[in-house]
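Visitor: model the following, please.
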Amino acid sequence: MGVDGKDEESVTQLPVKSRLRHNSPLVQVILIGLVCFCCPGMYSALAGMGGGGQVDHTIVNNANTALYATFAIFGILGGGIYNVLGPHLTLAASCSTYVLYAGSFLYYNHHKHQIFAIVAGALLGVGAGLLWAAEGAIMTSYPPPNRKGTYIALFWSIFNMGGVVGGLIPFILNYHRTEAVSVNDATYIGFMCFMTAGTLLSIAILPPIKVIREDGTRCTNIKYSSAFTEAREILKLFLNWKMLLIVPAAWASNFFYTYQFNNVNALLFNLRTRGLNNIFYWGAQMLGSVAIGYIMDFSFKSRRIRGFVGIAVVALIGTGIWSGGLAKQLTYSLSELPQALDFKDSGKAFAGPFVLYLSYGLLDAMFQCMVYWVIGALADDSETLSRYSGFCKGVMSAGAAVSWQVDTHRVRLLSQLIVNWSLITVSYPFLMLLVMLAVEDENKTKEETPKDVSLPPTDETSIAK
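Guide: Numbering: from 1, shown residues only. Coordinates of the predicted model:
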C-alpha cells in the first residue's frame, strides 16, 4: 500500500462531490457491512441454531475450537497482513473460507466424517482473522472522528441483518420439522450462496489511501508497509498498555456465544423455533447497536464523558439481563433438560425464554459496539487501527476457542453462566480506566488530517494506484 509523491502533496484537500460516491467513508462502511452480512452474518445464523444445525454438538464444538484457535493467531497477525496486502486480496481470500466451512456441514450431513469440518474450521479461522482485522480498520478509521459511533452502528446493523436473513433460511426450510433433527441440505446451500456473493462483493472495497472524507482529507497518508515493519509493530502490541487494558473486554466478548447458542437456544427450543429465535436475536442486535451508537456520539459534548456513560449504560443493562439468565438457568441442567419449546404450541411458556434470548442479542451488540468505539477513539489512522482491531479480535477468538471446549467437556451450565457474567463484569473497570487515560476530547486532538506514517523506503512507490 503506498502513494507516490504527487499523491502525497494532495492528501490534505481533495474534491468531494457526494456522500454517496464510491470512495466516500459512508459507502465503504456500507459495503464492508454488506460483505459481513453475507459471510460472518450467515456464519452467525448458522452458529446461532446451536450445534451448527446438527443434533450432535460435538462436530461443531471441535470445528469451532479449530476455528478460534487459528482465528486467535491470524486475528493478531491480520492487521499487519492487511496493511501489506491491502483490502482486495485480503478480503477475497478470507471470504472464500466461509463458503468452505458451510460446505463442510453439507458434507457431514451425508458422510458423518468430522475431519473435513475441523479442517474447514481451521481455515475459516485464518480467513476470519484477516476479514475482521480489515473490517475493524475500515469501520474505525474511515469515518470522521466525531461520528465513529454512528458508523459503527450502521455497520453493525447491516452485518446483523445477515443474521436475521440467515435465521429465515432454516426457519422456512425446516418449518415442518419440529423434531430434534439436523437441518436439511437446502439450508447449507442457501448459506453458501450468500457467502459466495459476499466474496464477490469484497472486490468493491477500496484501500484507505483512496477513500476521501467529506472535508477533503484521505483516511490515511500511509506510504507503504512491509512484513518486517508489521511484525515489529504487532509484537509491540503485547506490551502496549492500551491493548492490555482492553484484553478483559476482548476475551469476554465472544466467550458467551457458546453458552447462548448451545445451552440456551439449542436446549430450550425445537429446530424451527431456534431459527425464529435467531431472527429476533440478530434483529435485537440491530436495535442495540443503534442505541449505543447514539450514546457514544451524541449524548454529551465531551467524548470522554460519552465513553464513561456508554460503558455505565452497558454495565447496567448487562447486569439486568444476566440476572434474568441466572433465574432461568436455575430451572434446568444437563441432567434435567426441559421439554423443547415451540413458538406455536408452547403458549406462555415460550415467552420468557424467548425474551431472554433476544435480550442476550441486544446486550451483545451494545457491548461489542462500545468496545469498538473505544478502540476507534485510541487512534485515527487505518494502519494503527487495523493492528489494534486485529489484536483484539485475536484475543476474542482465543476466548471463544476455550469456551467451545468448555461446552465439549460438558461443564455445568450454571458454572458456564457465572463465568460468562463474571468475565464481562470484570472488563468494565478496565474500559473505564482506558477511556480516562487514553481518550481525549475532540477539541484537544488534531483529528482533521492523519499524520504521515514514516516507514522505510521502498522501490514500490505506487502500489496503491
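
Visitor: what ranges do the helices span in the stretch 151-300 of the chain?
Guide: 185-201, 227-237, 241-253, 257-260, 266-268, 271-298 (DSSP state H, counting those that start in this stretch).

Visitor: let's have those in JSON lines, adding mean pLDDT.
Guide: Below are the helices of the stretch 151-300 of the chain laid out as JSON lines (pLDDT from 0 to 100):
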{"stretch": "helix 185-201", "mean pLDDT": "91"}
{"stretch": "helix 227-237", "mean pLDDT": "87"}
{"stretch": "helix 241-253", "mean pLDDT": "95"}
{"stretch": "helix 257-260", "mean pLDDT": "91"}
{"stretch": "helix 266-268", "mean pLDDT": "91"}
{"stretch": "helix 271-298", "mean pLDDT": "90"}
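
Visitor: now the helix or strand hosting residue 425 against helix 241-253, angle please.
Guide: According to DSSP states H and E, residue 425 maps onto helix 413-438. Interaxial angle of helix 413-438 relative to helix 241-253 (axes from the mean of the first three to the mean of the last three CA atoms, to 10 degrees): 160 degrees.

Visitor: show me where pLDDT drops low in the protein?
Guide: Residues of the chain that meet the criterion pLDDT under 70 lie in 1-19, 49-57, 174, 177-183, 220-225, 442-465.

Visitor: most centrally placed residue in it?
Guide: residue 132 (6.7 Å; CA atoms, centre = their mean).

Visitor: list the buried residues in the helix or strand in which that residue is found.
Guide: Using DSSP H and E, the element containing residue 132 is helix 114-141. Neighbour counts over helix 114-141 (16 or more other CB atoms under 10 Å) mark 114, 116-118, 120-141 as buried. For the C-beta atoms, the positions are set from N, CA and C on the backbone; glycine is no exception.

Visitor: so that helix versus helix 185-201, what angle?
Guide: 40 degrees.

Visitor: helices or strands up against helix 114-141?
Guide: helix 25-38, helix 40-48, helix 58-85, helix 87-111, helix 148-173, helix 351-376, helix 382-408 (3 or more CB pairs under 8 Å, 6 or more residues apart in numbering; DSSP states H and E).

Visitor: chain center to that helix: distance?
Guide: 10 Å (CA atoms, centre = their mean, to the nearest Å).

Visitor: repeat for stretch 342-362
Guide: 25 Å.

Visitor: start to end distance for it?
Guide: End-to-end distance of stretch 342-362: 22 Å, with CA to CA, to the nearest Å as the criterion.

Visitor: and for stretch 337-352?
Guide: 17 Å.

Visitor: residues of it that come out buried?
Guide: For stretch 337-352, burial by neighbour count (16+ other CB under 10 Å) applies to 340-343, 346, 350.

Visitor: between those residues, which is nearest residue 40?
Guide: residue 343 (26.1 Å; CB to CB).

Visitor: what helix or strand is that closest one located in?
Guide: Using DSSP H and E, residue 343 falls outside every helix and strand.

Visitor: circling back to that earlier point, need the helices of the stretch 151-300 of the chain in TSV with distance to residue 372 and mean neighbour count, can you?
Guide: Formatted as TSV, the helices of the stretch 151-300 of the chain follow (distance: least, CB to CB, whole Å; neighbours: other CB atoms under 10 Å):
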stretch	distance to residue 372	mean neighbour count
helix 185-201	20	20
helix 227-237	17	15
helix 241-253	10	20
helix 257-260	17	24
helix 266-268	28	23
helix 271-298	9	23
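
Visitor: nearest to residue 404, of these?
Guide: Closest among the helices of the stretch 151-300 of the chain, once you apply CB to CB, is helix 257-260, at 5.3 Å.

Visitor: helices or strands next to that closest one in the packing?
Guide: So helix 257-260, by 3+ CB pairs under 8 Å, 6+ apart, packs with helix 382-408, helix 413-438.

Visitor: including distance to residue 319 and mean neighbour count, could the ones you listed go into JSON lines?
Guide: Formatted as JSON lines, the helices and strands packed on helix 257-260 follow (distance: least, CB to CB, whole Å; neighbours: other CB under 10 Å):
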{"stretch": "helix 382-408", "distance to residue 319": "20", "mean neighbour count": "25"}
{"stretch": "helix 413-438", "distance to residue 319": "7", "mean neighbour count": "17"}
